[in-house]
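*Asks:* Build me a structure from this.
(2 chains)
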Amino acid sequence: LAKTTQPISMDSYEGQEVNITCSHNNIATNDYITWYQQFPSQGPRFIIQGYKTKVTNEVASLFIPADRKSSTLSLPRVSLSDTAVYYCLVGDPRDDKIIFGKGTRLHILP
Amino acid sequence: EAQVTQNPRYLITVTGKKLTVTCSQNMNHEYMSWYRQDPGLGLRQIYYSMNVEVTDKGDVPEGYKVSRKEKRNFPLILESPSPNQTSLYFCASSFSDRGFGYTFGSGTRLTVV
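*Replies:* Okay, here's the model as predicted:
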């Protein structure tokens, strides 16, 4: 059963770049890697997705190495409003289920 | 506005009293799913549905039922709620079952006493 591993929590300061890495050793060949952001008492919100190499949008960048066994979400110049839990999702090659990791609680300090 | 609507937002009930949490989406998505969220455990999938009349168990289906009679609706049914089902529940829908494009509802906080 494919699982994802992320740091439980991270702290950073406003204006810094934050990188959150997710490990997913058994990712399926055809699956994408997706990251979500969740604020307290709200449903998760889609941030970014990618298959390999690098993807960038107005919110974040996603770096995926050639072996696809990990991915790194990069948040440029974070602000206090980026304090949230960040989830990495990958497909399950055994039974097609989508598995959320336990998430990384990011705390931005002033 | 494209959205997933869950009701109720908050619910306190007693052990054994059947309840239904409704979920409706207006995006014509085929894929819908229910998750529960508990401190330290992240989001765990309860049931999902690939299309009308097609449902399957997620990671924690015990004590729950679902139905998908219409594309837009995917209610979660607790036939005999127990205190260990006290949790925050989220419904989500998507055009894909591969994890991207999910739209989540605002959540239902359920307390079973």
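*Asks:* Kindly state the beta-bridge partners for the residue in chain B positioned nearest to chain A.
*Replies:* As assessed by C-beta to the nearest C-beta, chain A sits closest to B:Phe104 within chain B, at 2.8 Å. For every residue, glycine as well, the C-beta is placed using N, CA and C. Beta bridges link B:Phe104 to B:Ala92 when assigned by DSSP bridges.
*Asks:* Output the below-cut-off pLDDT ranges for chain B.
*Replies:* Chain B contains residues with pLDDT under 70 at B:96-100.
*Asks:* Partner strands of the strand ranked longest in chain B and their direction?
*Replies:* In chain B, with assignment by DSSP state E, the single longest strand is strand B:42-51. Here strand B:42-51 is paired, per DSSP bridges, with strand B:31-38 (antiparallel), strand B:54-57 (antiparallel).
*Asks:* Keeping just the C-alphas, turn the longest one into CSV.
*Replies:* Taking only C-alpha atoms (Å, rounded to 0.1, in the frame of the first residue of the first chain), the coordinates of strand B:31-38 have been written out as CSV:
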residue,chain,number,x,y,z
TYR,B,31,-16.3,11.2,-8.6
MET,B,32,-17.4,11.9,-5.0
SER,B,33,-15.9,10.9,-1.7
TRP,B,34,-16.3,11.2,2.0
TYR,B,35,-13.5,11.8,4.5
ARG,B,36,-13.2,12.0,8.2
GLN,B,37,-10.6,14.1,9.9
ASP,B,38,-9.3,13.4,13.4
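*Asks:* And for that strand, what's in contact with it?
*Replies:* Strand B:31-38 is contacted by residues A:100, B:23, B:25, B:43-51, B:58, B:60, B:64, B:66, B:68, B:74, B:76, B:85, B:87-97, B:102, B:107 when judged by C-beta atoms under 8 Å, 6 or more residues apart in numbering or on different chains.
*Asks:* Chain A contacts on chain B?
*Replies:* B:4, B:35, B:40-45, B:48, B:58-59, B:88, B:90, B:92, B:97-107, B:109 (C-beta under 8 Å from any C-beta of the partner chain).
*Asks:* With adjacent residues omitted, what lies nearest to the residue nearest the centre of chain B?
*Replies:* For chain B, the residue nearest the mean C-alpha position is B:Trp34 (3.0 Å; C-alpha atoms, centre = their mean). Distances taken as C-beta to C-beta, 6 or more residues apart in numbering or on different chains place B:Ile46 nearest to B:Trp34, at 4.3 Å, with adjacent residues excluded.
*Asks:* Now do the same contact list for the one you found.
*Replies:* B:Ser33, B:Trp34, B:Tyr35, B:Arg36, B:Gly58, B:Asp59, B:Val60, B:Pro61, B:Tyr64, B:Val66, B:Leu76, B:Tyr89.
*Asks:* Separate out the buried members of the residues you listed.
*Replies:* Neighbour counting by 16 or more other C-beta atoms under 10 Å in any protein chain shown classes B:Ser33, B:Trp34, B:Tyr35, B:Arg36, B:Gly58, B:Val60, B:Pro61, B:Tyr64, B:Val66, B:Leu76, B:Tyr89 among those as buried.
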